[in-house]
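Engineer: Next one to model:
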Amino acid sequence: MRSTSPNPVAGIILVAQAVVVTIILALVGNAATLPVTFLGERIAVVTLGAAAVVLLAFCGVLRFIPRDTRFVELSQVSGITVFLIAQLNGVSEVTSLVPLYAISAGATLFLVLHDRDGDRWSYSFGAAVGIVPWGVIAFAQIGSGVVGDGPTPIVRIITLGMLALTIGVWTVIRLSATRPSKAVRQVGTVLGVATPSVFAWLALLVRP
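Structural biologist: Numbers count the residues shown, from 1 in each chain. Here you go, the predicted model:
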């Protein structure tokens, strides 16, 4: 996914959405909250809507920086969305959430190597590491379903939708190294905007 930064148009779209989502949250006034616990005790609460706004604004601001920031963006979008989706699926222990964030964000380190030399092994190792948090989330869904307290339909939609977008982004990164073209770059730009956008708008549908 060769450089999509700076890209003022994409940046404006993302920041504008952050503003609109903020207004909607202010008008609705009942944003969903997700607990963070340690040894079963609640130590913090994450407001899902606010987190989605921060993600949109963060991605938008990066698009105005006159240097290649795509892997910074990818690592943080991956880490934060995995953190939040894990929470939506019932994972609340900070000792689980932080490693999931770190593993997901850290997988992009392999992509930096892949982008530099096109080595398929670095890409393969990155993909193998990056899929681990999604496996944990899948087990969380299955486990909660077995005990009769499975996630709501919107949570399932968010989980599957973000997984699909993540796979799309990784596929474009591979194609950008093996079959670079204007079309691939354009798809990369669209996915870069779509990923935080889709998450933010679906997050508004999660009930408190």
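Engineer: how about the longest helix belonging to the chain: buried residues?
Structural biologist: With secondary structure taken from DSSP state H, the chain has its longest helix at helix 153-178. Neighbour-count burial for helix 153-178 flags 154-155, 158-159, 161-163, 165-166, 168-177 (criterion: 16 or more other Cβ atoms under 10 Å). In this view, the C-beta of every residue, glycine as well, is placed from N, C-alpha and C.
Engineer: so after that helix, what's the next helix or strand?
Structural biologist: Sequence-wise, the next helix or strand downstream of helix 153-178 (DSSP states H and E) is helix 182-203.
Engineer: quick one, helices of this protein?
Structural biologist: 8-28, 48-62, 70-88, 94-106, 108-117, 120-130, 132-146, 153-178, 182-203.
Engineer: Could you give the average pLDDT over the shortest one?
Structural biologist: For helix 108-117, the per-residue pLDDT values average out at 85.
Engineer: Next, the buried residues of that helix.
Structural biologist: Applying 16+ other Cβ under 10 Å to helix 108-117 flags Thr108, Phe110, Leu111, His114, Asp115 as buried.
Engineer: for the fourth one, same thing?
Structural biologist: Burial within helix 94-106, assessed by neighbour count using 16+ other Cβ under 10 Å, is assigned to Ser96, Leu97, Leu100, Tyr101, Ile103, Ser104, Ala105, Gly106.
Engineer: helices or strands up against the lowest-mean-pLDDT helix or strand in the chain?
Structural biologist: One helix or strand of the chain scores below all others by mean pLDDT, DSSP states H and E: helix 108-117, with a mean of 85. Helix 108-117 sits against helix 70-88, helix 120-130, helix 153-178, with contacts defined as 3 or more Cβ pairs under 8 Å, 6 or more residues apart in numbering; DSSP states H and E.
Engineer: Could you export the ones you listed as CSV, including mean pLDDT and distance to Ala200?
Structural biologist: Listed next are the helices and strands packed on helix 108-117 as CSV, based on pLDDT from 0 to 100; distance: least, Cβ to Cβ, whole Å:
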stretch, mean pLDDT, distance to Ala200
helix 70-88, 94, 10
helix 120-130, 92, 22
helix 153-178, 93, 11
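Engineer: quick one: which of these is nearest Arg42?
Structural biologist: Closest of the helices and strands packed on helix 108-117 to Arg42 is helix 70-88, at 12.3 Å (criterion: Cβ to Cβ).
Engineer: Flag every buried residue along that closest one.
Structural biologist: Buried, per 16+ other Cβ under 10 Å, within helix 70-88: 70, 72-88.
Engineer: Next, the angle helix 182-203 makes with that helix.
Structural biologist: Between helix 70-88 and helix 182-203, the angle comes out at 30 degrees (axes from the mean of the first three to the mean of the last three Cα atoms, to 10 degrees).
Engineer: Check which helices and strands helix 70-88 is in contact with.
Structural biologist: Identification of packing neighbours for helix 70-88 by 3+ Cβ pairs under 8 Å, 6+ apart yields strand 33-38, helix 48-62, helix 94-106, helix 108-117, helix 132-146, helix 153-178, helix 182-203.
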